[in-house]
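Chemist: okay, predicted coordinates and the sequence, questions at the end:
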Amino acid sequence: MKKTIIMVLAALLCCNADMSAQGFLKRLGQAAKNAAENAVENKVVDKTREAVDDALSGKKKDKKDKKNKEVDNDEVENDEPAAQVGNQKSDFVRGSVVVFEDAVKGEQVGEFPSKWDLERGNAEIATVNGEQAIEFAKEDSWIKPLISKNPKNYFGDEFTVEFDLMYTEGEFEIDFMHPDEQRDSEIFTLSWRNDYTMTLHYVRPDSESNSDKQGRSDQAPKTKINNNRWHHYAISFNKRAIKFYVDNVRYINVPNAKAGAGWMTFFFRGENPAYMKNVLIARGGGELYGRNATDASDAAIAKAIAETGKFVTNNILFETGKADLKPESMEEIQKVADYMKKNSSARFLVVGHTDNVGNAASNQTLSENRAKSVVAALAKLGVDDFNLKAEGRGASEPVADNKTAEGKAKNRRVEFIKK
C-alpha cells in the first residue's frame, strides 16, 4: 500500500503547476491506475517466485494443509496390521514357603553381609542411591545364603529364587549344587555376561554324572540389563522344568532337567562391582505343565490296539472348558486317521475323558462334545464316520490322581476303542 501511495505522489510531482483542474484529475486517475496495475503485477511475481523456490527446495504445499495435519508417508504406505502373536511369557509364581530372605536393610556399611557366607573373594555392604545392597568385589566374588538348617540341602523338588541385580559389565553366575557335599558338582548353572546373553548348563535326567553338563540354552533379553539400573531376576524349578525370568519376562524354558539341587551360590567377576538386594528363596511354585509324550505312529497305534484293544492319547488338546480342538492336536489326529483309513472296515468308539474340575454333569457333557469334535475332525481327513461313534465318560474313569496337575493332565485323554 505504501508503495502505491509513493508512486501516486511521484506522478503528481511530474505534473505542471499551471495544469488545469480537469487535466489534474485525469492525470491523477491515470497515475493511480498505473500504480494499482504495478502492485498487482508485483504481487503475482512474488507468488511465482515463492512457488518456484518451494519447488526447487523440494517442498510441496496443498490448499488443505492449513486445515489438515501432515501425514507420514511411511505410515500411509505401511498400513498393513502387524501380526498378533500369543505366547505366555509372564507365568512366574513364587514358592509358598520362604526358606531365605534378605532385603539388605539395617546392615553395617563396609561389613560382610550378615545373612551370607563366603566361598571365595569378597563382598561387602554398600549404599546405592541411598539404599543398602550387597556389593560384589571386582574380579572374583563368590557368596552363598547362610542357612542354619540343612545348609547343603534346602531346595527340594520345587523351588523359586528371586533377586534384584545392578551391574555395568562382567560375568554373573548362579550355581545350583548337588546336596552331597562330597560331590561338589552343579546340577545346573545359569550365567550371563556383558552381551547379556543368558546361558544355562543343565544335567539331563539320563546323565550318569551330575557334573556332566549335557545341555545348553542361549537367549538374550530385548531390554539391555547391564545398564547400571536395577533389574529383577527370577528362577523356578519344578521337578524337571527350569524357567528363568528378567523383569517378569521369561527367557529360558527347559522342560526336562535333572532334579536334585540342594544349595546354591552367587558368583561375579568383572572390572566394576555388581550390586544385589531383595533376595528370596522359597519352596513350591507354579504348577508343572504336563508333558504328554506319545509315539503315535501306524505301528504304535496298531500295536496298542492289538495288545489292549484300544489306543489312548493325551496329545489331543482342547481349549479350556470347551470342545474346540487346539491346532497342535491335528498332528495326532492325522496319525489316527491314517491308521483308520488303512483299516477301513474296523469300527471304533471314540471316548472323551476329563479331569474332575467342575461338576459331574458339565464334565459329562464336555467329554461327549469333545469326542464328537474328534470324530468330525477324522471325517474331514477321509475317515468313514459310519464306523465311528462318539461317547463321553466325564471324570468317572480317572487313570491318575486328580490332586496334582500331572494327574489331571493324564486324565484329560481320548481313547479309540476297537469294536
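Modeler: Right, received. Where do you want to start?

Chemist: ok, now how distant is the spatially most central residue of the chain from residue 244?
Modeler: Against the mean C-alpha coordinate of the chain, by Cα atoms, centre = their mean, the closest residue is residue 89 at 4.0 Å. Going from residue 89 to residue 244 by Cβ to Cβ, to the nearest Å gives 12 Å. For the C-beta atoms, the positions are set from N, CA and C on the backbone; glycine is no exception.

Chemist: shared neighbours, those two?
Modeler: residue 250 (Cβ atoms under 8 Å, 6 or more residues apart in numbering).

Chemist: my guess is residue 121 meets residue 139, correct?
Modeler: Yes - in this structure, residue 121 is within contact of residue 139 by Cβ atoms under 8 Å, at 7.2 Å.

Chemist: tell me which of these two has more neighbours.
Modeler: residue 121 (16 against 13; other Cβ atoms under 10 Å).

Chemist: which strand or helix spans that one?
Modeler: Using DSSP states H and E, residue 121 maps to strand 116-128.

Chemist: now that strand: mean pLDDT?
Modeler: Mean pLDDT, computed over strand 116-128, is 93.

Chemist: what about the lengthiest strand in the chain, average pLDDT?
Modeler: Criterion DSSP state E: the longest strand present in the chain is strand 131-145. Average pLDDT, strand 131-145: 91.

Chemist: strand partners (parallel or antiparallel) of that strand?
Modeler: strand 116-128 (antiparallel), strand 263-269 (antiparallel), strand 274-283 (antiparallel) (DSSP bridges).

Chemist: among the ones you listed, which is nearest residue 163?
Modeler: Closest to residue 163 of those, according to Cβ to Cβ: strand 274-283, at 4.4 Å.

Chemist: can you name the next helix or strand after the closest one?
Modeler: The helix or strand immediately downstream of strand 274-283 is helix 298-308, counting by DSSP H and E.

Chemist: now do the very next helix or strand once past that following helix, average pLDDT.
Modeler: Following helix 298-308 in sequence order, the next helix or strand is strand 310-313 (DSSP H and E). The predicted model assigns strand 310-313 a mean pLDDT of 91.

Chemist: next: stretch 356-370.
Modeler: Per-residue scores along stretch 356-370 average to 95.

Chemist: averaged pLDDT, stretch 175-193. What do you get?
Modeler: 79.

Chemist: quick check: end-to-end length of that stretch?
Modeler: 15 Å (Cα to Cα, to the nearest Å).

Chemist: contacting residues around it?
Modeler: 152-153, 155, 170-174, 198-203, 209-211, 213, 225, 235, 237, 242, 244, 252, 257-265, 267.

Chemist: ditto for stretch 356-371
Modeler: In contact with stretch 356-371 (Cβ under 8 Å, 6+ apart) are residues 318, 321-323, 350-354, 390-396, 398, 402, 408, 411, 414.

Chemist: 10 Å instead, please
Modeler: With Cβ atoms under 10 Å, 6 or more residues apart in numbering as the test, stretch 356-371 has contacts from 316, 318, 320-325, 349-355, 388-398, 402-403, 407-408, 411-415.

Chemist: buried among those residues? Make that a ChimeraX selection.
Modeler: Restricted to buried positions by 16 or more other Cβ atoms under 10 Å, the ChimeraX selection for the contacts of stretch 356-371 reads:
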select :316,318,323,325,350,351,352,353,354,355,388,389,390,392,393,394,395,398,407,408,411,412,413,414,415
